[in-house]
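Have a look at this prediction, sequence included:
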Amino acid sequence: MIHQLDTKPMNAPLAERLRPMNLDEYIGQSHLVGQGAVIRRMIESGRVASFILWGPPGVGKTTLARIIANSIKSQFYTLSAVTSGVKDVREVIDRCRADSAGMFSQGRPILFIDEIHRFSKSQQDSLLGAVEAGVVTLIGATTENPSFEVIRPLLSRAQVYTLKPLEETELQQLLERAVSTDEILKTRRFDIRETTALFRYSGGDARKLLNIIDLLEQSAAYGETIVIDDGTVTGHLQENPQAYDKNGEMHYDIISAFIKSVRGSDPDAAVYWLARMIAGGEDPEFIARRLVILAAEDIGLANPNALLLANATFDTIQKIGMPEGRIPLTECTIYLATSAKSNSAYMAIAAALEAVDRTGNLPVPLHLRNAPTSLMKKLGYGESYKYAHDYPGNFVRQQFLPDTLAGEQFWKPCTNPAEDKMSAIQKSRWGDG
């Protein structure tokens, strides 16, 4: 359970010492916590609905959860998906059920799950009944796309709110607050000359910004003026390279560099970032999963064999483990980096999902419906359906989309030999329209 703390240890990192305790201290995400915004309204009303916070590290997901814990009267529980199992989830849900039934209950208990994307399907399933029955209000935090990592039944019961990297004006505000209000920093003299490098290395991440300021302060002798300019920031960061932390923000930075290198067709850079992860002790199955996703999302139809190789790599890693697993990981990385690229499948499903959200549950055309009973046949189910194999070339023109979406094109092929051939076949069947 999260309890409000009035004081924070002086030896805690700056990011922890400066963690906001209420919305007035919170910087960024005005689309969610600004005046009249949805999460602010929930906090002010004391009635919190289930939701998932999706955004990169250091943008305030956990902080928002703590602010809610400090602002409402409901019981507030927290679990980390990294260290908790199904048993822990069930124990918390049992406690929440007891809280809800208690004589002095003041509202539905809230369960905050950090890194919810790391929960397995069975762990997420164990939450579903309690959320659906109103036993608990779920707040999740994730750096991964919930559409891929959170089961659909749970997504349908929890609104997803996207958090954005902090803008330069917000980083500037955070910098000024740090040097003027922190109990340690306000005793030091700062000479802020340039912030370009500071903000660039921060990358919209509040925690990174505060960690860099912490480093500059700790590197300066007491009584010495702390200069913040591009040269000083760059020099300190190069002299004090951040260690790889497979559970921290460096984990996300390096996997991001790895993914972008493969997508950008640079095998040398991709292998370098792969080596950084292996040397840092990264879970090889995590790397293999990312390769499978890359093969589907970024290589796609340009080379369908890429997905087969990536999946085989994942299976191989499970069978042989490390250190030998580094070899198939490298083989797959080089193959994906040098392969032709296409994101047409990724874009097609995104466009189709947008159409579903926009148009709702459109009826299936009658001629495409199954007709297992005589009543359905009388109602016209399956009538006029044309069986493709009865026609030359195993193809006949007919409408497969709902009437409202007739003629809509979701798949737009990219330019590469494989999809050029597929596109030519489709044009010979359907024409340019």
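Done, it's in.

Against residue 31, how distant is the residue nearest the centre of the chain?
Nearest to the mean C-alpha position of the chain, by CA atoms, centre = their mean, lies residue 144 at 1.9 Å. Separation of residue 144 from residue 31 (CB to CB, to the nearest Å): 21 Å. From N, CA and C alone the C-beta is placed, and that goes for glycine too.

cool, residue 275 as well?
For residue 275, the distance to residue 31 - CB to CB - is 39 Å.

What of residue 318?
For residue 318, the distance to residue 31 - CB to CB - is 41 Å.

Same question for residue 53.
13 Å.

surely residue 150 meets residue 115?
No. With contact defined as CB atoms under 8 Å, residue 150 does not reach residue 115; the gap is 11.6 Å.

list the residues that contact both of the two?
residue 142 (CB atoms under 8 Å, 6 or more residues apart in numbering).

what are the phi and psi angles of residue 131?
phi -70, psi -40 (degrees, to the nearest 10).

give me the number of residues near it?
Residues near residue 131, counting by other CB atoms under 10 Å, number 19.

what's the answer for residue 67, then?
Other residues close to residue 67 by other CB under 10 Å number 24.

residue contacts, it?
So residue 67 contacts 20-23, 26, 43 (CB under 8 Å, 6+ apart).

now residue 190
Residue 190 makes contact with 179, 225-226, 228, according to CB under 8 Å, 6+ apart.

What of residue 13?
Residue 13 neighbours (CB under 8 Å, 6+ apart): 210-211, 214.

on that earlier part again, going through the contacts of residue 67, which ones are buried?
Among the contacts of residue 67, the ones that count as buried by 16 or more other CB atoms under 10 Å are 20-21, 23, 26, 43.

Using CSV, lay out those residues together with distance to residue 192.
Shown next, in CSV, are the buried ones among the contacts of residue 67 (distance: CB to CB, whole Å):
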residue, distance to residue 192
20, 22
21, 26
23, 27
26, 23
43, 33
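
Sort out for me which of those are in strands.
Secondary structure from DSSP state E places none of the buried ones among the contacts of residue 67 in strands.

Roughly how far does the nearest residue to residue 270 once chain neighbours are set aside sit from residue 337?
In space, and not counting its chain neighbours, residue 270 is closest to residue 261: 4.0 Å by CB to CB, 6 or more residues apart in numbering. Look at residue 261 and residue 337: by CB to CB, they are 7 Å apart.

repeat for residue 58
Applying CB to CB to residue 58 and residue 337 gives a distance of 28 Å.

before we move on, back to that, could you look up the SS state of the nearest residue to the residue nearest to the centre of the chain once chain neighbours are set aside?
Nearest in space to residue 144, with sequence neighbours left out and distances taken as CB to CB, 6+ apart, is residue 117 at 4.0 Å. Here residue 117 is recorded as helix under DSSP: H, G, I helix; E, B strand; the rest coil.

Contact partners for residue 117?
Contacts of residue 117 (CB under 8 Å, 6+ apart): 81, 142-144, 146, 149-150.

Just the buried subset of the residues you listed, please.
Counted by 16+ other CB under 10 Å, the contacts of residue 117 give 81, 142-143, 146, 149-150 as buried.
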